[in-house]
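Participant: what shape does this take:
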Amino acid sequence: MLALGLLLATGCARPEQVPTPPNLLPKEKMTSLLVQIHLLEARVETSRLPPDSARALFLSQQRDLMLRNGVSPTDSVFERSYRYYASHAKDLDGIYAGVIDSLSQREKKMDPTRMPRPN
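Facilitator: Prediction:
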C-alpha cells in the first residue's frame with residue numbers, strides 16, 4: 001500500500017511531458033493562425049446568428065482558414081501543436097505575446113484616433 005501511495009504521489013508531482021509531435025507547426029505559424037482564429041471568432045460573435053448557426057459558420061470558416069494556410073483541417077497537426085506548446089508555458093506565452101501584439105496593431109489601424117492605453 002505504501003509503495004502504491006509513493007508511486008501515485010510521484011506521478012502527480014511531475015507533469016507528463018508531451019512529446020514533440022510530428023510536423024510541429026513553428027511558433028510564427030501558430031501565432032498567425034491564432035490571430036486569424038481570434039479574428040474569425042470575433043466576426044462570428046458579432047454576426048448575431050443563432051448559436052447553432054454561428055458554430056456551423058465558425059467551423060466552416062475555420063476549415064477554410066486552415067486550408068488557406070496550408071494546414072490540413074482533417075489532420076490534427078494544429079491541435080497537436082497547440083497541445084505541445086500549451087505544455088511548454090514559455091513557448092505558449094511567447095506565441096500569445098505575438099497574438100496580442102498583432103491584434104493590438106490591427107486595433108490601432110482600425111481606430112487611429114484612439115488614445116494609447118496606459119501601462
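Participant: shaky segments in this protein?
Facilitator: 1-16, 18, 112-119 (pLDDT under 70).
Participant: which ones are touching the residue nearest the centre of it?
Facilitator: Centroid-nearest residue in the chain: Leu34, 4.8 Å away (criterion: CA atoms, centre = their mean). Neighbouring residues of Leu34 by CB atoms under 8 Å, 6 or more residues apart in numbering: Ile95, Tyr96, Val99. All C-beta spots, glycine's among them, are computed from the backbone N, C-alpha and C.
Participant: among those residues, name the buried ones.
Facilitator: Ile95, Val99 (16 or more other CB atoms under 10 Å).
Participant: can you show me the helices along the chain?
Facilitator: 2-13, 27-45, 51-68, 77-86, 89-110 (DSSP state H).
Participant: distance to Pro19 added to the ones you listed, as JSON lines?
Facilitator: Output for those, formatted as JSON lines (distance: least, CB to CB, whole Å):
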{"stretch": "helix 2-13", "distance to Pro19": "17"}
{"stretch": "helix 27-45", "distance to Pro19": "17"}
{"stretch": "helix 51-68", "distance to Pro19": "23"}
{"stretch": "helix 77-86", "distance to Pro19": "8"}
{"stretch": "helix 89-110", "distance to Pro19": "14"}
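Participant: of those, which is nearest Pro21?
Facilitator: helix 77-86 (3.9 Å; CB to CB).
Participant: in the closest one, what's buried?
Facilitator: Val77, Phe78, Arg80, Ser81, Tyr82, Tyr84, Tyr85.
Participant: just send those residues back as a markdown table, with distance to Leu40 too.
Facilitator: Shown next, in a markdown table, are the buried residues of helix 77-86 (distance: CB to CB, whole Å):
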| residue | distance to Leu40 |
| --- | --- |
| Val77 | 18 |
| Phe78 | 13 |
| Arg80 | 20 |
| Ser81 | 18 |
| Tyr82 | 16 |
| Tyr84 | 22 |
| Tyr85 | 20 |
